[in-house]
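Chemist: Provided below are the primary sequence and the corresponding predicted coordinates.
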Amino acid sequence: MGKYILALDQGTTSSRAILFDSEQNILAIRQHELTQHYPHEGWVEQDPMEIWSTQYAAMLEVLAAADVSPSDVAGIGITNQRETTILWDKNTGRPIHNAIVWQCRRTADIVDRLVQDGLSGHIRRTTGLVPDAYFSGTKIKWLLDHVEGAREKAERGEILFGTVDSWLVWKLTGGKVHITDATNAARTMIFDIHRLDWDDTLLEALDIPRAMLPRVCSSSEVYGSVSLPGGNIPIAGIAGDQQAALFGQTCFAAGDAKNTYGTGCFLLMNTGTTACESKNGLLTTIGIQISGETQYALEGSVFVGGAVIQWLRDEMRFFSESRDAEYYAGKVKDTGGVYLVPAFTGLGAPHWDMYARGCLIGLTRGTTREHIIRAAQESIAYQVNDLLTAMKRDTGTALSSLSVDGGASRDSFLMQFQSDISDCTIRRPVIRETTALGACYLAGLATGVWHSREELKQLWRCDTLYAPSMDENKRRKLLSGWDKAVGRSLDWVEH
Ligand SMILES: Nc1ncnc2c1ncn2[C@@H]1O[C@H](COP(=O)(O)OP(=O)(O)O)[C@@H](O)[C@H]1O
Ligand SMILES: O=P(O)(O)OC[C@H](O)CO
């Protein structure tokens, strides 16, 4: 049996491949940036062929860099940006349109119609989600409505739908396998997370033919294999990136939670085999499906997290490297009363307002670039704090500690501010590649590299702990300013 496990981490901004050994040491990482297309205001697309080619290149390069033969790799685990929707022609293998990315708002009016038709309650109960353009269902409908002849072909089973995991498995297996896993299916808004099947009411409401949908598998099993010069590698694990991170952080028990600070921020809490319905704007989703058991999770999704730092860097040109944000934020003692609400693509949990837009408020003649940079960083923590508050209301208990990961979790100013504003200990692990690690664990469990989750639990190591130290009055005052600022950004776009 192979000694290594290969994780393919197809994220919003890049396609990465990471090679681990069975002691979870990282042997090599390769990464390619992805081009983002913004064809209209609020629309976001990617080229599925670029998703594939960058991911495939990263996979080959990582094996070459570590000088490892495919025959020494026990399995591949795939983890991916979720909800992003791809339709392709089964016969030619060519996408029929660019991928519609999860952040894209083009289907807001389709969502409005579902709500007007009285389907909100059904969506909530069946899929665990709230009606929003974020999820795949309305994106599929848009593509079927706008690409000529697509619906008829889809009815004949000639057009296939997949989230990014399905697309990659299809390509990796040479067009032989059309599947997804339960965690990805749970993000489509057409999947019944209790019956574990596509939901006919929603398929009918969105006019989506069943014939185009992938078969839904567990998150850890052998689905097929990749044939490479030097050997075949089984594809043995799949999970949406946030669920993979929850697994990679070894949040295996009910009550365990993690937050990922990537492009967006995603807070997930394992709720065990109980699907806990949120009364406070969180989502119910499938946490993982493994060994015949489905574990559920409560999730809060923030659309713009680390991306606000990118915006300051690329659009405002305030600095040239993301890591400079921490330096500038430390130059001022506070934001001078400035708040930035980065509702660039609306607001996700717990507000769910597709028509909210960003606002920068509290400016005075004394406001400097440093104040705005600090306000941007703090906005990431405030948004995560809103999720923690909703989670506390739903479960009746405040989290005393939170495991963190993702690109922006490198930022120590942000981590300390999160700890202070949320009055919660933040635990940053040694291995911050937890998304890839989760995919690696799923593939390793399916191929016998590891035998149990307990074995994996022993491997988790803490790197830094951030303990809260903010005075309660100050915290309350800052939070009330944030709530006021969010109020100004809600329902901004005329609709
Ligand atoms: N040192 C840093 N300080 C603050 N933000 C950062 C830092 N490094 C990266 N980021 C932010 O983190 C995000 C990338 O994180 P990553 O986990 O790689 O994202 P994704 O998986 O969404 O592609 C970017 O939006 C970037 O602006
Ligand atoms: O690519 P990421 O890490 O920003 O994650 C995207 C999420 O899966 C969207 O739901």
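Modeler: Arrived safely, thanks for sending. Ligands and ions are numbered 1, 2, ... in the order given.
Chemist: what number of residues lie near the one residue in the stretch 101-250 of the chain that gets nearest to ligand 1?
Modeler: Nearest residue of the stretch 101-250 of the chain to ligand 1 (CB to the nearest ligand atom) works out as residue 241 at 6.6 Å. For the C-beta atoms, the positions are set from N, CA and C on the backbone; glycine is no exception. Neighbours of residue 241 under the rule other CB atoms under 10 Å: 30.
Chemist: wait, residue 111 touches residue 355, no?
Modeler: No: under the criterion of CB atoms under 8 Å, residue 111 makes no contact with residue 355, lying 11.1 Å away.
Chemist: neighbour count for these two, which is higher?
Modeler: residue 111 (23 against 16).
Chemist: OK, contacts around the more buried one?
Modeler: By CB atoms under 8 Å, 6 or more residues apart in numbering, the contact set of residue 111 is 131-133, 138, 354.
Chemist: switch to 7 Å and redo it
Modeler: When contacts are counted by CB atoms under 7 Å, 6 or more residues apart in numbering, residue 111 is found next to 131-133, 138.
Chemist: so how far is residue 254 from it?
Modeler: In this view, residue 111 and residue 254 are 31 Å apart by CB to CB, to the nearest Å.
Chemist: same deal with residue 342?
Modeler: Going from residue 342 to residue 254 by CB to CB gives 32 Å.
Chemist: same check, this time on residue 270
Modeler: Applying CB to CB to residue 270 and residue 254 gives a distance of 6 Å.
Chemist: more neighbours: which of those two?
Modeler: Each of residue 270 and residue 254 has its neighbours counted (other CB under 10 Å); residue 270 has more, 22 against 17.
Chemist: does the more buried one really touch residue 297, like I thought?
Modeler: Yes: under the criterion of CB atoms under 7 Å, residue 270 makes contact with residue 297 at 5.5 Å.
Chemist: for those two, list the residues in contact with both.
Modeler: Counting by CB under 7 Å, 6+ apart, the contacts common to residue 270 and residue 297 are 246, 287.
Chemist: list the contacts of the residue of the stretch 101-250 of the chain closest to ligand 1.
Modeler: 9, 11, 79-82, 435.
Chemist: would you point out the most distant pair within these?
Modeler: 9 and 82 (12.5 Å; CB to CB).
Chemist: rewinding a little: near ligand 2 too, which of the contacts of residue 241?
Modeler: Restricting the contacts of residue 241 to those near ligand 2 by CB under 6 Å from any ligand atom leaves 11, 81-82.
Chemist: could I get these as JSON lines with neighbour count?
Modeler: Below are the ones next to ligand 2 among the contacts of residue 241 laid out as JSON lines (neighbours: other CB atoms under 10 Å):
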{"residue": "11", "neighbour count": "20"}
{"residue": "81", "neighbour count": "27"}
{"residue": "82", "neighbour count": "27"}
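Chemist: can you redo those as JSON lines with secondary structure?
Modeler: JSON lines is the format used below for the ones next to ligand 2 among the contacts of residue 241 (DSSP: H, G, I helix; E, B strand; the rest coil):
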{"residue": "11", "secondary structure": "coil"}
{"residue": "81", "secondary structure": "coil"}
{"residue": "82", "secondary structure": "coil"}
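Chemist: closest one to ligand 1 out of those residues, please.
Modeler: Closest to ligand 1 out of these is residue 11 (3.4 Å), distances taken as CB to the nearest ligand atom.
Chemist: wait, residue 6 sits on residue 78?
Modeler: No: taking contacts as CB under 7 Å, residue 6 lies outside contact range of residue 78: 9.6 Å.
Chemist: for ligand 1, what's the nearest residue on the chain?
Modeler: residue 407 (2.1 Å).
Chemist: now the nearest residue to that residue once chain neighbours are set aside: how far from residue 493?
Modeler: Distances taken as CB to CB, 6 or more residues apart in numbering place residue 306 nearest to residue 407, at 5.2 Å, with adjacent residues excluded. Taking CB to CB as the measure, residue 306 falls 24 Å from residue 493.
Chemist: who's more crowded, the two?
Modeler: Legend: neighbour count by other CB under 10 Å for residue 306 and residue 493, higher for residue 306 (25 against 14).
Chemist: that one reaches residue 262, doesn't it?
Modeler: Yes: counting by CB under 7 Å, residue 306 sits close enough to residue 262 to count as a contact (5.7 Å).
Chemist: what's the overlap in contacts for those two?
Modeler: With CB under 7 Å, 6+ apart as the test, residue 306 and residue 262 both reach 406-407.
Chemist: any regions of the stretch 101-250 of the chain where pLDDT drops low?
Modeler: Scanning the stretch 101-250 of the chain for pLDDT under 70 picks out nothing.
Chemist: how about the strands in it?
Modeler: With DSSP state E, counting those that start in this stretch applied, the stretch 101-250 of the chain shows strands at 159-162, 179-181, 191-192, 197-198, 215-217, 220-228, 231-240, listed in chain order.
Chemist: in its sheet, what does the third one sit against?
Modeler: This means strand 191-192. strand 197-198 (antiparallel) (DSSP bridges).
Chemist: just the buried residues of the lengthiest helix in the chain, please?
Modeler: Criterion DSSP state H: the longest helix present in the chain is helix 369-395. For helix 369-395, a neighbour-count test (16 or more other CB atoms under 10 Å) marks 370-391, 394-395 as buried.
Chemist: rewinding a little: the strands of the stretch 101-250 of the chain: which one's closest to residue 126?
Modeler: Nearest of the strands of the stretch 101-250 of the chain (CB to CB): strand 191-192, 4.9 Å.
Chemist: which of the contacts of residue 111 has the most neighbours?
Modeler: Among the contacts of residue 111, residue 138 has the most neighbours (other CB under 10 Å), with 29 neighbours.
Chemist: helix or strand for the residue located most distally from the centre of the chain, which one?
Modeler: Distance from the C-alpha centroid of the chain peaks at residue 365, with 38.6 Å (CA atoms, centre = their mean). For residue 365, there is no host helix or strand (DSSP states H and E).
Chemist: do you know how far residue 332 is from ligand 2?
Modeler: From residue 332 over to ligand 2 the distance is 29 Å, taken as CB to the nearest ligand atom, to the nearest Å.
Chemist: okay, buried residues for stretch 266-285 please.
Modeler: By neighbour count on 16+ other CB under 10 Å, the buried set for stretch 266-285 is 266-272, 275-276, 278, 280-285.
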